[in-house]
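> take a look and give me a structure for this.
(one chain, ligands or ions: 1)
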Amino acid sequence: MLTQQLDNLAWLPQYSIRISPKARRVILKVSMQKGLEIVLPRRYQVREAFTFIQAKKIWIEKNVNLLKAYKPASNLLILPDELNFRAYQENWKIHYISAIKPPTLLSRPGNELVIYGDIREIKSCQTLIKQWLHEKAFIFLGNHLQQLSKQYGFIYKKHTIRDQKTRWGSCSAKGHIHLNFRLIFLEPEVTRHILLHELCHTIHLNHSIRFWRLLAKYDENWQLHRQSSSRIENLIPAWLMNTKN
Ligand SMILES: [Zn+2]
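Below is the predicted model:
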């Protein structure tokens, strides 16, 4: 057994082992969520894996120490380990791999994000995730706006994604719709409600009775959804609540 052999290594910090059908060789990961993780391919040779881990002693010690040095100051300085786009039923896992270089982000198949680099740079990591969220939101919300416009006959010029603290969206007289990227975290019917709200502004650029009547045509429960949209703090990840990078 590999674990029996590993237990003889006094220097080895606490670890977990995972068998991955995708792995082709032994992979070592150090993350805030899981500490040291040893990923093994399905068919691995115990002796080979053991030798590999022994050879990585310096790397393991260095990276585990880097993690220990890190202490989150508050909720806002936490790095998320997953992102749940409720509105579009999509869930992403985030892995952090520590290395001595500025952090970079890459996405992998199977809805996985990897942040590779100095993960003590929490702000930089958060900025990377936020930039990526903006791109995702642009596509998701853009497709949704187009689908609703086609379905109900609205015409708007373009949409942009903004990092607004207090507004979900806005619509200009020119038909430019600005949307908050956090909309992808809300319940589907609430996100739909907010998109329809902005689309109705392409016809009535105010909150008159005629505006609300139009909105009610496409969203019967608009009053309920409007209420929900003002009480969503619980759905937005804490680290995204007050950050403006
Ligand atoms: Zn409005």
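
> Provide a list of residues in contact with the residue nearest to the spatial centre of the chain.
Centroid-nearest residue in the chain: Leu83, 3.5 Å away (criterion: Cα atoms, centre = their mean). Leu83 is in contact with 91-92, 94, 113, 129, 133, 237, counting by Cβ atoms under 8 Å, 6 or more residues apart in numbering. The way it works is simple: take the backbone N, C-alpha and C, and place the C-beta from them, glycine included.

> Ile38: which of these is nearest?
Ile94 (19.8 Å; Cβ to Cβ).

> residues in contact with the closest one?
Residues near Ile94 by Cβ under 8 Å, 6+ apart: 79-83, 112-115, 129.

> let's verify it: helix, strand, or coil?
At Ile94 the chain is in strand, as set by DSSP: H, G, I helix; E, B strand; the rest coil.

> show me what the helix or strand encompassing Val114 is in contact with.
Following DSSP states H and E, one finds Val114 within strand 112-117. Contacts to strand 112-117, defined as Cβ under 8 Å, 6+ apart, come from residues 79, 83, 92-99, 101-108, 125, 128-129, 132.

> switch the cut-off to 7 Å
Outside strand 112-117, the residues within contact range by Cβ atoms under 7 Å, 6 or more residues apart in numbering are 92-97, 99, 101-108, 125, 128, 132.

> just the buried members of the residues you listed?
92, 94-97, 99, 103, 105, 125, 128, 132 (16 or more other Cβ atoms under 10 Å).

> farthest-separated two in those residues?
Trp92 and Ala99 (21.0 Å).

> can you show me the helices along the chain?
Taking DSSP state H as the test, the helices found in the chain are 2-6, 46-55, 57-69, 122-152, 188-200, 209-218, 222-229.

> Leu12 is nearest to which of those helices?
That would be helix 2-6 among those, by Cβ to Cβ, at 5.9 Å.

> which parts of that closest one are buried?
For helix 2-6, by 16+ other Cβ under 10 Å, it's 2, 6.

> just checking, what packs against it?
helix 46-55 (3 or more Cβ pairs under 7 Å, 6 or more residues apart in numbering; DSSP states H and E).

> what about Glu187, neighbour count?
15 (other Cβ atoms under 10 Å).

> tell me who's in contact with it.
Per Cβ under 7 Å, 6+ apart, neighbours of Glu187: 86-87, 228.

> if we go to 6 Å?
Glu187 is in contact with Arg86, counting by Cβ atoms under 6 Å, 6 or more residues apart in numbering.

> between the contacts of Ile94, which sits nearest Gly153?
Using Cβ to Cβ, those come closest to Gly153 at Leu83, 33.4 Å.

> quick one: the closest one and Thr104, what's the gap?
17 Å (Cβ to Cβ, to the nearest Å).

> which stretches of the chain have low pLDDT?
69-76, 231-234, 242-245 (pLDDT under 70).

> Ile38 pairs with what?
Ile17, Leu28 (DSSP bridges).

> how many other residues sit next to it?
22.

> next one: Tyr218
Neighbours around Tyr218, by other Cβ under 10 Å: 17.

> against Ile209, how distant is it?
On the measure of Cβ to Cβ, Tyr218 and Ile209 end up 16 Å apart.

> equivalent analysis for Ala10, please.
From Ala10 to Ile209 the distance is 76 Å (Cβ to Cβ).
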